[in-house]
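1. Kindly return the folded structure for what I paste below:
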Amino acid sequence: MAHAIRIHQVGGPEVMKWEAVEVGEPGQGQIRLKTTAAGLNYIDTYHRSGLYKLPLPLTLGMEGAGTVTAVGPGVSDIKVGDRVAYASQPLGSYSEERLMQADRCVVLPDGISDQQAAAMMLKGMTAEYLVRRTYKIQKGDTVLFHAAAGGVGLIFGEWAKALGATVIGTVGSEDKVKLAREHGYDHVINYRTENFVERVKEITKGEGLPVVYDGVGKDTWSGSLDCLRPFGLMVSFGNASGSVPPVDISILAGKGSLYVTRPTLVTYTAKRADLIGSANALFDVVKAGKVRIEIKQTYALKDAAKAHADLEARKTTGSTLLLP
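-> Got it, this is the predicted structure:
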């Protein structure tokens, strides 16, 4: 039997268990795949902790890559032996072998490795919709991204720079300042030693920004709004520090008729055509060398609880893989 990381109750990393699971044969529209690498993402901690509520028991993990070992009825564009990757529900990438909906998977092209794919599908397609669709970055824009040394942040920095933007990032340590600078950020603010709102005003000569990308949430929400110029867009796409508290919408008027959006990758890739388009755009910039996918940490899949603890303690940078 295959093994997987499962939870039977929500809580801290200690609720994660390494268990034998029955995989079975693929049904209508499904494939079975042998996992070669699973990606670690902050959203996994939300599923584990119960912040995002899902039925239990549950096998964790939204992102992975592997080799197809069986194909169910109705699947025509994926075959046995294909290398595929995905970043979507149903959860279950923290497993040695699993069933997956075929229409949520993309076949990997030559030039993209399984480990690269598992390290970038969720984070890279998130960066794709942020830079190309939520706010379409134009040459000459100045933009701010919080948690610049994280998995999405490193991809975002290089992609935004390739599009011609001046890129500002925030981080929490001097080591992360250096890392962000190596990945496209023109200005890196250590929020532990500097006031990021004041620094943004200095950098923009008081003008403010057209857009702020904020995956941190509670701790940066108010300051992020203060970084925007009139009619600016606040993109709140994550809650690493906790959920944004209830908001009096009238504050958007007082700060300059601001816009706010709360996007998700699920929505931006809900249609298969959008999923394929997003993945192909990501593959293209990686193969062209405009975006580097650097795997900063690896853990054995069975040690996923340790990986979660390190992620939540902000001990990790960039992309992290769990390897069967």
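2. hey, let's count contacts and neighbours off CA atoms from now on
-> Will do.
3. So for the chain, which residue is the most central one in space?
-> Geometric centre of the chain, nearest residue: Lys123, 3.0 Å, by Cα atoms, centre = their mean.
4. Test my guess that that one contacts Gly150.
-> No - the criterion here is Cα atoms under 8 Å, and Lys123 misses it with Gly150 at 9.4 Å.
5. how about low-confidence regions in the stretch 51-200 of the chain?
-> Applying pLDDT under 70 to the stretch 51-200 of the chain picks out no residues at all.
6. re earlier: which residue packs closest to the residue nearest to the centre of the chain, ignoring adjacent ones?
-> The shortest distance from Lys123 to any residue other than its chain neighbours is 4.8 Å, reached at Val152 (Cα to Cα, 6 or more residues apart in numbering).
7. Helix or strand: which one has the one you found?
-> According to DSSP states H and E, Val152 maps onto helix 151-162.
8. Tell me how far that helix lies from the chain's centre.
-> Offset of helix 151-162 from its chain centre (Cα atoms, centre = their mean, to the nearest Å): 12 Å.
9. Partner strands of the helix or strand following it, with direction?
-> Per DSSP H and E, the first helix or strand lying C-terminal to helix 151-162 is strand 166-171. Strand 166-171 has the following strand partners under DSSP bridges: strand 142-146 (parallel), strand 187-190 (parallel).
10. Out of these, flag the one nearest Glu207.
-> strand 142-146 (10.5 Å; Cα to Cα).
11. CA atoms only for that closest one, dumped as CSV, please.
-> Coordinates of each C-alpha in strand 142-146 appear next as CSV, following Å, rounded to 0.1, in the frame of the first residue of the first chain:
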residue,chain,number,x,y,z
THR,A,142,6.3,50.7,-9.3
VAL,A,143,4.7,47.9,-7.2
LEU,A,144,5.0,46.5,-3.7
PHE,A,145,5.0,42.9,-2.7
HIS,A,146,5.0,41.7,0.9
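12. The protein: helices as residue ranges?
-> 42-49, 114-129, 151-162, 174-181, 196-203, 221-226, 251-254, 265-268, 272-287, 304-312 (DSSP state H).
13. Show me the one of these that comes nearest Gly27.
-> Using Cα to Cα, the nearest of those to Gly27 is helix 272-287, at 19.1 Å.
14. could you say what helices and strands that closest one packs with?
-> helix 114-129 (3 or more Cα pairs under 8 Å, 6 or more residues apart in numbering; DSSP states H and E).
15. try 10 Å this time
-> strand 83-87, strand 105-107, helix 114-129, helix 151-162, helix 265-268 (3 or more Cα pairs under 10 Å, 6 or more residues apart in numbering; DSSP states H and E).
16. Thr166 - how many residues pack around it?
-> For Thr166, the count of nearby residues is 19 (other Cα atoms under 10 Å).
17. how close does it sit to Leu282?
-> Computed as Cα to Cα, to the nearest Å, the Thr166 to Leu282 distance reads 21 Å.
18. Same check on Leu252?
-> Note on Leu252: its distance to Leu282, by Cα to Cα, is 33 Å.
19. Looking at the two, which one has more neighbours?
-> Leu282 (23 against 17).
20. The more buried one contacts Gln116, doesn't it?
-> No - contact criterion Cα atoms under 10 Å: Leu282 and Gln116 do not qualify, at 11.3 Å.
21. could you list every residue that touches Ala20?
-> Residues counted as contacts of Ala20 (Cα atoms under 10 Å, 6 or more residues apart in numbering) are 1-6, 95-96.
22. run the last query once more with 8 Å
-> 1-4 (Cα atoms under 8 Å, 6 or more residues apart in numbering).
23. Now do it against Arg98, distance only.
-> From Ala20 to Arg98 the distance is 12 Å (Cα to Cα).
24. For burial, what's the neighbour tally of Leu225?
-> Neighbour tally, Leu225, other Cα under 10 Å: 25.
25. Leaving out chain neighbours, which residue sits closest to it?
-> Met234 (6.7 Å).
26. Thought Leu209 was touching that neighbour, still the case?
-> No - look at Met234 against Leu209 with Cα under 8 Å: they stay out of range, at 9.8 Å.
27. just to revisit the earlier point, please report the distance of the residue nearest to Lys123 from Leu258.
-> Counting by Cα to Cα - Val152 and Leu258 are separated by 24 Å.
28. again with Gly153
-> Taking Cα to Cα, one finds Gly153 at 23 Å from Leu258.
29. go on, His47?
-> From His47 to Leu258 the distance is 31 Å (Cα to Cα).
30. right, and the pair among the contacts of Ala20 with maximum separation?
-> Met1 and Ala4 (10.0 Å).
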